[in-house]
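[1] Kindly return the folded structure for what I paste below:
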Amino acid sequence: MPNITMQMIAEMTGVSLKTVSRVVNKENGVRQATREKVEAVIRQLDYQPNPSARGLASSRSFLIALLYDNPNSAYIISLQNGALAACREHNYGLLIDPCNHMDENLVDEVRSLARRSRMDGLLLTPPLCDTESLLDMLDERGLKYVRISPLAHNDRSPFVYADEFQAAYRMTEYLASQGHTRIGMVRGPKHRSGAEMRLKGFKKAIEDHALDLDPELIVPGDFTFGSGDAGARQLLRLADRPTAILAANDDVASGVLKVAQQMKLRVPYDLSVAGYDDAPVARHLWPRLTTVHHPVEQLCKEATELLIRHLKNEPAEFDPDTIHSELVIRESTGPLVD
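    Residues are numbered from 1 along each chain as shown. Take a look at the predicted model:
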């Protein structure tokens, strides 16, 4: 059998190529009876849309780009899974491109990528979603984009986010409920919106529960195992060390656990350790890691669906506050033991 094309489907159903394109792309403007007739032929022929052919039948490429700047493989995989789920559902292709937000050529590289790929729109993750020069270029080119967890919740573009401030607040509150009054934190990098929100949530919970907000109890980190190792050594060598540590993510928490074991501290009896993200490593450590389940895959799926509605000029009603993070309590935390 020859390759099935939208033109062949149009001829078999007696409708225009544009109508077939609208049905394939799940667009409005097609009568229900006509849509059902075209869909029946598509199923009969087992037609699989070709993005290039669809692009020729319309002014779009049906290609979305996902740009990220994050070394965490679990985070990247979750982003990809979320975007791919939505793209497959709506017959879009996905282009995935790693970027360095510190690169002075970032804007030129993304401009060149947009020109070569003819992408319809972009998904921007932190910290790219807060890089003003990049946003300015996309606006100038008229490229549509959706930001994932931006630091600035403004109306510059559609965005989605999970409330990382509130999640970090609740985790800190949980540690306080276990009797811990000196709680340390290995924070994330300052240029990451999520890291800033997690730090602010931690500080607010400490303040609200009248705990010790000792500046020595907050040490720098960069979302890596190594920074968790270094941060834990700094905290646990204090004369009045913390009895609980909140790490900015699970990789950092892994480094904290390693140091605790090397220092012969029993987790959770001598030290409670909590992370953030609920990455696969959190379930494979021992003791298993208490953490915050950060819905990265859901965030990216929602962002992709929002972008596709935006590209189709459809109403894009979305309440970002509906995406929640959940505490996952495991064996690495427990009550303060005198």
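
[2] Now Cys99: phi and psi?
    phi -130, psi 160 (degrees, to the nearest 10).

[3] where exactly do the helices run in the stretch 101-250 of the chain?
    Per DSSP state H, counting those that start in this stretch, the stretch 101-250 of the chain carries helices over the ranges 106-117, 132-141, 164-177, 193-208, 225-236, 250-262.

[4] buried ones in the fifth one?
    To tie it back to what came earlier, the one meant is helix 225-236. 225, 227-232, 235-236 (16 or more other Cβ atoms under 10 Å). Bear in mind the C-beta positions are built from the backbone N, C-alpha and C, glycine included.

[5] same check, this time on the second one
    Of the residues in helix 132-141, those buried under the neighbour-count criterion (16+ other Cβ under 10 Å) are 134-135, 137-138.

[6] Turn those residues into a markdown table, including pLDDT.
    Formatted as a markdown table, these follow (pLDDT from 0 to 100):
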| residue | pLDDT |
| --- | --- |
| Leu134 | 95 |
| Leu135 | 94 |
| Met137 | 95 |
| Leu138 | 94 |
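
[7] Nearest to Glu331, out of those: which one, please.
    Leu134 (42.3 Å; Cβ to Cβ).

[8] Quick one: residues contacting the closest residue to that closest one other than its chain neighbours.
    Leaving aside its sequence neighbours, Leu134 sits nearest to Val107 (Cβ to Cβ, 6 or more residues apart in numbering; 5.6 Å). By Cβ atoms under 8 Å, 6 or more residues apart in numbering, the contact list for Val107 reads 133-134, 137.

[9] possible to save those residues as TSV with distance to Val20?
    Listed next are these as TSV, based on distance: Cβ to Cβ, whole Å:
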residue	distance to Val20
Ser133	41
Leu134	36
Met137	35
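
[10] Relative to Ala239, how far out is Arg330?
    30 Å (Cβ to Cβ, to the nearest Å).

[11] do the same with Leu45
    For Leu45 relative to Ala239 (Cβ to Cβ), the value is 75 Å.

[12] Looking at these two, which one has more neighbours?
    Leu45 (14 against 5; other Cβ atoms under 10 Å).

[13] List the buried residues for stretch 6-19?
    Those would be 6, 9-10, 13, 15, 17, 19, for stretch 6-19 by 16+ other Cβ under 10 Å.

[14] Stretch 31-38 now?
    34-35, 37-38.

[15] Save these as JSON lines, and put in secondary structure and pLDDT too.
    Formatted as JSON lines, the buried residues of stretch 31-38 follow (DSSP: H, G, I helix; E, B strand; the rest coil; pLDDT from 0 to 100):
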{"residue": "Thr34", "secondary structure": "helix", "pLDDT": "87"}
{"residue": "Arg35", "secondary structure": "helix", "pLDDT": "86"}
{"residue": "Lys37", "secondary structure": "helix", "pLDDT": "85"}
{"residue": "Val38", "secondary structure": "helix", "pLDDT": "83"}
